[in-house]
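okay, here's the prediction I keep looking at, along with the sequence it came from:
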Amino acid sequence: MKKTYLLLNLLLTLSFCYSQKKEIDSIPFSLEKQLLTFNGKLNGKDVEFAFDTGAAVSLSNSINNKIANVEILDSGRTINDSSRKKIKLNNTKIESISVGKFEVKNIKGVTFDMPFLYCNNLLLLGQDFIKKFNWKIDFNKKLIYISKAPFKTDDTYKKWDVYYNSNRPLIDFSINNKTFKNCLLDTGFAGIMEINSKEIEIVNKIFDEKKSQNQVNEFISTNMGASGLGKPEPFNTFFLDEIKLDQITINQLPITINKTTDTKIGINFFNQFSDVLIMNFNENSFYLKPSNKKILPKTRMDAKAIFIDGHLTVISKNMNDNSTAKNLIIGEKIKSINGKKASEFSDCEMMKWAYFSTENYIAEKENGEKVEIKSSSNLK
């Protein structure tokens, strides 16, 4: 009788362990569109997702909606996008979103034709899906893993304790032994780190010191929000000698400051700093396995143009003394780019060129003057 009881207990234990077996799926991802993108399904139809921990809800566009027959609701909401413009988002009823073998049903998303996402045919996968699972991103293998159970770590990982606002993950950070809150962990931001210089005034003093040593890149540029381009604002980039991100101290981190941005860390930080990033949302913890590589700023062209009211218009400019864009003005209309006139570009072709191209080009001004634009010089 005792042996029978022990055998039964063993079988029950094995059955329980099997039912609790950690299921993991892996999907190849790409960073070619400057965001972390991978394939999945929307209402059973194939789509490409952009993985965005900075978005509280998933955002579809009219292309996604048509392909997957997404129901558009009469209700909506008004938000301020990253360009500080008020926009109306229509609510949607999504039957299901699937990544690998993992599925979430009956999601209340939003829809808006954000130009960048529309032109690249991307559906923004937000925290309404992401936070229901745990994720492991292997930047070397270009694989993203998804699991209901937390991923295991070891002593080679550095830990961040995460808290939330509007369902979006945040950490504390310190500069010159002064601690600040609410740094957004935003994989939908293509950069490294941006700091709001109006809220975090200490970075303005550091910028002045770096500028006096000719160690900054000064740009005037427009920010791309959900509604499109915002107003031109100064964006200043330099190496911060030391910053503490939660419990990780980093030396010589390239940061960008302006007065309107949210303070946030982007996918380019995680890609360069980490070999592996683990996001165990059910533990409120991020784990980073350092790559021990120097983090480098993103290469930017000295000037970029885009369509505004049917004209090729300058939207960003390097303001440094050695800039090749000295003879261009923000808002100036350009006759052609590499001999190609505005009428020869489609809206989306122009959008992709403006955000993805890093090759030198010839900008022809309205007066016929030709200016060769090169990439911005490296920071010191």
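The structure has been received and is ready for your questions.

buried residues of stretch 340-354, list them for me.
Using 16 or more other Cβ atoms under 10 Å as the test for burial, stretch 340-354 gives 340, 342, 345, 350-351, 353-354. Backbone N, C-alpha and C define where each C-beta goes, glycine included.

among those, which pair sits farthest apart?
Using Cβ to Cβ, the two most remote members of the buried residues of stretch 340-354 are 340 and 351, lying 14.6 Å apart.

dump the C-alpha coordinates for the helix or strand residue 88 falls within into CSV.
Element membership for residue 88, per DSSP states H and E: strand 86-99. Listed in CSV are the C-alpha atoms of strand 86-99, where the atom choice follows Å, rounded to 0.1, in the frame of the first residue of the first chain:
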residue,chain,number,x,y,z
LYS,A,86,-2.6,66.5,-30.3
ILE,A,87,-3.9,63.6,-32.5
LYS,A,88,-7.0,61.5,-32.5
LEU,A,89,-6.6,57.8,-32.3
ASN,A,90,-9.5,55.6,-33.2
ASN,A,91,-10.0,52.5,-31.0
THR,A,92,-9.9,49.1,-32.6
LYS,A,93,-11.1,45.6,-31.7
ILE,A,94,-8.5,43.0,-32.5
GLU,A,95,-9.5,39.4,-32.4
SER,A,96,-6.0,38.1,-31.8
ILE,A,97,-2.3,38.9,-31.9
SER,A,98,0.1,36.0,-32.2
VAL,A,99,3.9,35.8,-31.9
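
quick one: buried residues of the very next helix or strand once past that strand?
Counting by DSSP H and E, the next helix or strand C-terminal to strand 86-99 is strand 102-111. Judged by neighbour count using 16+ other Cβ under 10 Å, the buried positions of strand 102-111 are 102, 104, 107, 109-111.

strand 102-111 packs against which elements?
Helices and strands touching strand 102-111, by 3 or more Cβ pairs under 8 Å, 6 or more residues apart in numbering; DSSP states H and E, are strand 59-60, helix 62-68, strand 71-80, strand 86-99, helix 127-130.

buried set for the fourth one?
For strand 86-99, burial by neighbour count (16+ other Cβ under 10 Å) applies to 87, 89-92, 94, 97-99.

and the furthest pair within those residues?
Greatest spatial distance among the buried residues of strand 86-99 (Cβ to Cβ): 87 and 98, at 28.1 Å.

residue 87 touches residue 76, doesn't it?
No - Residue 87 is beyond contact range of residue 76, at 9.9 Å (criterion: Cβ atoms under 8 Å).

where does the stretch 151-300 of the chain have low pLDDT?
Within the stretch 151-300 of the chain, the stretches with pLDDT under 70 are 223-230.

for it, which segments count as strands?
Secondary structure of the stretch 151-300 of the chain, counting by DSSP state E, counting those that start in this stretch: strands at 158-161, 163-165, 168-175, 178-185, 193-196, 217-221, 224-225, 228-229, 233-245, 248-258, 264-265, 274-280, 285-290.

so for the last one, what gets flagged as buried?
For strand 285-290, the buried set under the neighbour-count rule, 16+ other Cβ under 10 Å, comprises 285-289.

residue 140 reaches residue 275, doesn't it?
Yes - taking contacts as Cβ under 8 Å, residue 140 lies within contact range of residue 275: 5.6 Å.

okay, the two: which has more neighbours?
Neighbours per residue (other Cβ atoms under 10 Å) separate residue 140 from residue 275, with residue 275 holding more: 18 against 10.

tell me the contacts of that one?
138-140, 289-291 (Cβ atoms under 8 Å, 6 or more residues apart in numbering).

switch to 7 Å and redo it
Residues near residue 275 by Cβ atoms under 7 Å, 6 or more residues apart in numbering: 139-140, 289, 291.

closest to residue 181 among these?
Once Cβ to Cβ is applied, the member of these that ends up nearest residue 181 is residue 289, at 25.5 Å.

list the beta-bridge partners for that closest one.
residue 276 (DSSP bridges).
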